[in-house]
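Engineer: Provide a 3D model corresponding to the input given below.
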Amino acid sequence: MPPRPRFDRRAPVRELPNINDRINYPKLRVVDSDGTQLGVIDREEALEVAKDRELDLVLVSEKADPPVCRIMDYGKFKFEQEKKAKEAKKKSHQTEVKEVKMRYKIDQHDYKVRIGHAVRFLKAGDKVKCTVIFRGREIQHTALAETLLRRMAKDLEEQAEIQQAPKREGRNMIMFLTPRKTPLVKTDKEESGTPKPKRVVRTITTPSRMASNNLANKNNP
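Structural biologist: Below is the predicted model:
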């Protein structure tokens, strides 16, 4: 019976950048740090130029003939590349669906906790699946569950839009919310909670109006 393979516990080999003495091509096309073309020169001469400028000779195109190198501050270049990669990763956020579960007879404290979770998910750019779970005979109270979900949508209307209205699915009722793309615009009535008072229009009695009023009074004693 052959022996069982052993795990390779050696550290992975790191791929070192082709800079300075690691460049082994005899002839190189060199670009200076300011973009100036230094032409095709010997490897030793290119290394000497980079050393005089206290910079690095970096291989940027190995497949060219001859290979192209650039004189630069490799440490600064590497830092900027890593920074760009991190920013790109932040922008390419993959939208996920986060779930918030509750019962239709949830108390106020737990309800606020669920609202807090939903707000955090929405601010992170994720969709929220709001689920009301029924147990046993609770399935008879779907109307209460729908009322609860619509209340949650109302409480989250500044952060979210309804992607899918409350809908029964098996022994659950679900609703999907998605992060709001456009700011919510409220009317004066919605902001204050009371209807806006009507404008009072005052009329000014002119002499001709007074005369007509007096004539009407005489005809109708």
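Engineer: phi, psi of Thr147?
Structural biologist: Torsion angles at Thr147 (phi, psi; degrees, to the nearest 10) stand at phi -60, psi -40.
Engineer: In contact with it, which residues?
Structural biologist: By Cβ atoms under 8 Å, 6 or more residues apart in numbering, the contact set of Thr147 is empty. Yep, even glycine has a C-beta here, placed from its N, CA and C like the rest.
Engineer: Can you tell me how far it is from Phe176?
Structural biologist: 17 Å (Cβ to Cβ, to the nearest Å).
Engineer: Mind splitting this protein into its structural domains?
Structural biologist: Split into domains by automatic domain parsing, the chain comes to 20-76, 97-179.
Engineer: Columns distance to Lys83 and mean pLDDT on top of these, output as JSON lines?
Structural biologist: Formatted as JSON lines, the domains of the chain follow (distance: least, Cβ to Cβ, whole Å; pLDDT from 0 to 100):
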{"stretch": "domain 20-76", "distance to Lys83": "11", "mean pLDDT": "91"}
{"stretch": "domain 97-179", "distance to Lys83": "21", "mean pLDDT": "93"}
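Engineer: what's the residue closest to the geometric middle of the chain?
Structural biologist: In the chain, the centroid-proximal residue (Cα atoms, centre = their mean) is Gly125; its distance is 4.2 Å.
Engineer: I'd assumed Lys181 was in contact with that one.
Structural biologist: No: taking contacts as Cβ atoms under 8 Å, Gly125 lies outside contact range of Lys181: 11.0 Å.
Engineer: Surely Asp155 and Ile115 touch.
Structural biologist: Yes: assessed by Cβ under 8 Å, Asp155 is found in contact with Ile115 at 5.8 Å.
Engineer: and the next element down the chain from the helix or strand that contains Met152?
Structural biologist: Using DSSP states H and E, Met152 maps to helix 142-155. Per DSSP H and E, the first helix or strand lying C-terminal to helix 142-155 is strand 160-169.
Engineer: what pairs with that following strand, and is each one parallel or antiparallel?
Structural biologist: Its sheet considered, strand 160-169 pairs with strand 172-179 (antiparallel) by DSSP bridges.
Engineer: Remind me what the top helix by length along the chain packs against, helices and strands.
Structural biologist: For the chain, the longest helix by residue count, based on DSSP state H, is helix 74-91. Secondary-structure packing of helix 74-91 (3 or more Cβ pairs under 8 Å, 6 or more residues apart in numbering; DSSP states H and E): strand 56-61.
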